[in-house]
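J.: Can you look at this prediction? I've put the sequence above it.
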Amino acid sequence: MVNKYENTSYLFDRSCVEIDLSALKNNIREIRRVTDPKADIMAVVKADAYGHGAYECARTLVENGANGLCIATIDEAIHLRQRGITVRLLILGGVDVSRYADVIRYRVDMAVYDTETAKFLSDEAVKLGGSCDIHIKLDTGMGRIGFPADGSATDEIAEVCKLPGLKPYGVFSHFAVADTDDDEYTYAQFNRFMKQIEDLKAKGITFEKRHICNSAGILRFPEMHLDMVRAGLILYGLTPPGCPEGPNRINLVPVMNWLAKVIHVKEVDEGTSVSYGRHFIAKRKTKVLTVSVGYADGLSRRFSNGFELLVNGERLPIIGNVCMDMCMLDATDMKQEVKKGDTVVIFGKERLADELADYLGTINYEITCDVGKRVQRIFVD
């Protein structure tokens, strides 16, 4: 069998994630196709673009239709600004007051979810002679951060929006269960959101952008796209686990392929133990492949003794404990010849990250985010 990763294998020494920018382009174009034409698309590139590489993904997304980018920290925003990204950036969560000056200097939009945050940000903007576009965050049922969207904070929000140095550009909330079949709760959140916006409008407070849809909302609730949507996981070719199909069918292509290499091939006799703790004892003469990836790279130790990796298209089980830098596979029953330097696939287009997530009882978001920083990123198009 021809090694389909032969060209890539020369570019990394032990482990890499191959980031397919053509897949990323496809995904943002598909999202644009199914999103209300009047709605901007904010591409979520927080957490290093879910492990895919923030700058490279941000540049590609902006060039292919994203109107702005969402991040989680001011340092993520500075990283993009210093590399020439000029579109609107929105920090979705909290920023320590010590960093408010950076928010203003680097022209970053900020979520405001309580009066204290607003007042400190206003003071900093006035002191610097600048201003900050803010997005009022409403808690419609997520229970995380936000002004309560029950009418009790309407006067408070109105006062916040009048503070000097602050420009109320957006208002937003976040769905809790849009990726499940609990549509009643999602509609209740949306109705609270719209009612709170109407209450603010009655007090003369309006916003250019209203946004509540995440990836699941984009796919399942087109009537809720409003003025802006926030595309996250679907950008990277994956869907929220268990998400029911919606009216918007979309052709997604996984962006990340995680690869490693066979670094040693040997046979061991019956009774030989493999790896720490001697949790695997060979019951027959066994061909063992040592692979250049371990838990320091993001391959969880919970994959020990059973989870399968792909070598030349065949699934081979991990034997013994996953080590910090290596793991071992049982290739005894492998139909094809295997040699040192052959490519090992952890996940990607051949096997989705969802399979690893299911094995660990977690979600695909965590799998891509956990790929370690020492794993080389190779960008292909």
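T.: Okay, I see it.

J.: Do I have it right that residue 20 meets residue 380?
T.: Yes - assessed by C-beta atoms under 8 Å, residue 20 is found in contact with residue 380 at 5.7 Å. To be clear about C-beta, it is placed using only N, CA and C from the backbone, and glycine gets the same treatment.

J.: These two - which one has more neighbours?
T.: residue 20 (21 against 13; other C-beta atoms under 10 Å).

J.: how about residue 67, what does it touch?
T.: Contact analysis of residue 67 by C-beta atoms under 8 Å, 6 or more residues apart in numbering lists 40-42, 87-88, 228.

J.: I would like a PyMOL command selecting only the buried ones among those, please.
T.: With 16 or more other C-beta atoms under 10 Å as the burial test, the buried ones among those are selected in PyMOL as follows:
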select buried, resi 40+41+42+88+228
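
J.: Among the contacts of residue 67, which pair sits farthest apart?
T.: 87 and 228 (12.9 Å; C-beta to C-beta).

J.: Quick check: which element contains the closest residue to residue 80 other than its chain neighbours?
T.: Leaving aside its chain neighbours, residue 80 sits nearest to residue 58 (5.6 Å; criterion: C-beta to C-beta, 6 or more residues apart in numbering). Using DSSP states H and E, residue 58 maps to helix 54-63.

J.: What are the buried residues along that helix?
T.: 54-62.

J.: now stretch 191-201
T.: Here stretch 191-201 shows 192-194, 196-197, 199-200 as buried, counting by 16+ other C-beta under 10 Å.

J.: Give me the contacts around that stretch.
T.: By C-beta under 8 Å, 6+ apart, stretch 191-201 touches 138, 140-141, 149-151, 154, 157-158, 161, 171, 173, 206-207, 210, 212.

J.: do the same with stretch 317-331
T.: So stretch 317-331 is contacted by 263, 265, 273-277, 279-280, 286-297, 299-301, 303-309, 311, 316, 338, 344 (C-beta under 8 Å, 6+ apart).

J.: Could I have the buried ones of those residues as PyMOL selection syntax?
T.: Buried residues among these (16+ other C-beta under 10 Å), as a PyMOL selection:
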select buried, resi 263+265+274+275+280+286+287+288+289+290+291+292+293+294+295+297+299+300+303+304+305+307+308+309+311+316+338+344
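
J.: Tell me the first helix or strand C-terminal of the lengthiest helix in the chain.
T.: If you go by DSSP state H, the chain has its longest helix at helix 183-201. Using DSSP H and E, the helix or strand that follows helix 183-201 in sequence is strand 209-213.

J.: Now do that following strand: which elements does it pack against?
T.: Applying 3 or more C-beta pairs under 8 Å, 6 or more residues apart in numbering; DSSP states H and E, we find strand 209-213 packed against strand 166-172, helix 183-201, strand 228-231.

J.: Out of these, flag the one nearest residue 71.
T.: Nearest to residue 71, of these and by C-beta to C-beta, is strand 228-231 at 11.4 Å.

J.: Distance from the chain centre to that closest one, please.
T.: 14 Å (C-alpha atoms, centre = their mean, to the nearest Å).

J.: Which other helices and strands does it contact?
T.: Using 3+ C-beta pairs under 8 Å, 6+ apart, strand 228-231 sits against strand 40-44, strand 166-172, strand 209-213, helix 215-220.
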